[in-house]
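Novice: Sequence isn't available, so here's the structure alone:
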């Protein structure tokens, strides 16, 4: 972020496609300082590592309010070995947390493709890894500490706060500024990953369940117009495989890769985590990309849509039908499974899902022009867009696919009656409602 001539602040996300603006940027060093900032602010929004691709983190009214970075708060890691939990500062990156956890003999259940993202930001947007039985990253949360309206410090716990907790985890930054997160942990484990080239499309259609059940974490990578799927990426937990496990050279019509691969065909694999069955700790294999490299392509924008698992094959076919239309802008698409959860605004709320992810060229205008075609193709399958990525779906169509959407609006109305944590994005896609609003009054 940089100060501009009138004393306000501006800056971009990591991809450079979004410019954030604010009247003031705060970087409090203590929770008490943060509480004073929030108490004094008319509008305040938290900003993290900037890995979102839309204006979810912007200040209210497109720059009229304050932005708050929690990067200056204590970067602590408190492991409770007996409870199997870890409590961390909200701004900590997953890659840094994972290194500390592994050294202490512990692990998280999963990680996203990028280890560079912050814990609080990933949790608030429902960011995920892959795996039939793996919920998204927010499902590991057992408690949240946050500064709510008026500067109050509030802690919500899964065991104690029921529905309020379920509505407050994937919350888009609309309920408060998270200061600490408590996550469920487990004993550390080793992972080895193998990549397969060239699975036939028909095999993916007819044996999709077998493909995604073939390892602890599986993703399918495609450009949609090729005669075969480009890559199938398997990440095996070695504690779930017999000693000396080796994958077959040929599997479901695909061939074991003869070298390292990058998710984007043709790019050098150096930024990627080690493949070809070389075992390593969970945090150095579950992400696709190494912490010490620029993640993914760098100059890119991203979109993602989640559909119910039972519609996975039909949804894949629908996108493939328009593959030629989107191919000129596409770097790669990634298909991953995510297990159902109970978090109100999670894209996997109450349904096992398939995430259909698009990594695009750095052409926002072009991407926004083709997104409606993708959204129309997926419309019969109840798509839910990733909260932190580009989409053009209407607020009404997004809300229709979340059974607790209105409940979240009422929770906003109760916890933040003055809309301190509002901005244009959250007011459009998750508007606050009076706490006593009924379904009839909402429709009216």
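Specialist: Cool, got the structure. Keep in mind that this is a model prediction, so the values were computed, not measured.
Novice: okay, now the residue lying closest to residue 50 once chain neighbours are set aside: neighbour count?
Specialist: The shortest distance from residue 50 to any residue other than its chain neighbours is 4.1 Å, reached at residue 13 (C-beta to C-beta, 6 or more residues apart in numbering). Quick note: C-beta positions are derived from backbone N, CA and C, even for glycine. A total of 23 residues lie near residue 13 under the criterion other C-beta atoms under 10 Å.
Novice: Residue 13 is in contact with residue 47, isn't it?
Specialist: No - taking contacts as C-beta atoms under 8 Å, residue 13 lies outside contact range of residue 47: 9.2 Å.
Novice: tell me, what's touching the two both at once?
Specialist: Taking C-beta atoms under 8 Å, 6 or more residues apart in numbering as the contact definition, residue 13 and residue 47 share the neighbouring residues 20, 57.
Novice: hmm, back to that, for the residue nearest to residue 50, list the residues it contacts.
Specialist: The contact partners of residue 13, by C-beta under 8 Å, 6+ apart, come to 20, 50-53, 57.
Novice: Could you check how far it is from residue 55?
Specialist: 9 Å (C-beta to C-beta, to the nearest Å).
Novice: how about low-confidence regions in this structure?
Specialist: Counting by pLDDT under 70, the chain contains low-confidence ranges at 1-8, 61-62, 294-298, 437-444.
Novice: For the biggest helix by length in it, enumerate the helices and strands it packs against.
Specialist: In the chain, taking DSSP state H as the definition, the longest helix is helix 364-378. Using 3 or more C-beta pairs under 8 Å, 6 or more residues apart in numbering; DSSP states H and E as the contact test, the elements touching helix 364-378 are strand 300-308, helix 312-321, helix 323-326, strand 353-361.
Novice: Contact partners for the residue nearest the centre of the chain?
Specialist: With the centre of the chain defined as its mean C-alpha position, the nearest residue by C-alpha atoms, centre = their mean is residue 127, 1.6 Å away. Shown here is residue 127, whose contacts under the criterion C-beta under 8 Å, 6+ apart are 112, 117, 121, 136-138, 386, 388.
Novice: what about it, distance to residue 180?
Specialist: With distances taken as C-beta to C-beta, residue 127 is found 18 Å from residue 180.
Novice: so residue 118 touches residue 95, yeah?
Specialist: No - here residue 118 lies out of contact with residue 95, judged by C-beta under 8 Å, at a distance of 10.3 Å.
Novice: more neighbours, the two?
Specialist: residue 118 (28 against 20).
Novice: what is the more buried one paired to in the beta sheet?
Specialist: residue 93 (DSSP bridges).
Novice: and the gap between it and residue 80?
Specialist: When C-beta to C-beta is applied, the distance between residue 118 and residue 80 equals 21 Å.
Novice: Could you count how many residues lie near residue 146?
Specialist: Close neighbours of residue 146, defined as other C-beta under 10 Å, add up to 27.
Novice: So which elements touch the strand or helix carrying it?
Specialist: Following DSSP states H and E, one finds residue 146 within strand 141-148. For strand 141-148, the contact count by 3+ C-beta pairs under 8 Å, 6+ apart identifies helix 31-40, strand 85-89, strand 152-157, helix 158-168, strand 177-184 as packing neighbours.
Novice: what about the residue lying closest to residue 342 once chain neighbours are set aside, distance to residue 182?
Specialist: Excluding the flanking residues, the one nearest residue 342 by C-beta to C-beta, 6+ apart is residue 166, at 5.4 Å. Relative to residue 182, residue 166 is positioned 15 Å away (criterion: C-beta to C-beta).
Novice: hmm, back to that, which residues are common contacts for residue 13 and residue 55?
Specialist: Between them, residue 13 and residue 55 share these contacting residues under C-beta under 8 Å, 6+ apart: residue 20.
Novice: Can you give the contact residues for the host helix or strand of residue 230?
Specialist: Taking DSSP H and E as the criterion, the element that holds residue 230 is strand 228-237. Counting by C-beta under 8 Å, 6+ apart, the neighbours of strand 228-237 from elsewhere in the structure are 130, 189-201, 204, 211, 214-223, 245, 247, 254, 257, 261, 263, 265, 282, 285-286, 288, 332.
Novice: and the next helix-or-strand element following that strand, how far out from the chain's middle?
Specialist: If you walk from strand 228-237 toward the C-terminus, the next helix or strand you reach (DSSP H and E) is strand 250-251. If you compare the mean C-alpha spot of strand 250-251 with that of the full chain, they lie 31 Å apart, counting by C-alpha atoms, centre = their mean, to the nearest Å.
Novice: Neighbouring strands - and their directions - for strand 250-251?
Specialist: Each strand paired with strand 250-251, and its direction, by DSSP bridges: strand 254-256 (antiparallel).
Novice: distance between the partner strand and the chain's centre?
Specialist: What separates the centre of strand 254-256 from the centre of its chain is 29 Å, taken as C-alpha atoms, centre = their mean.
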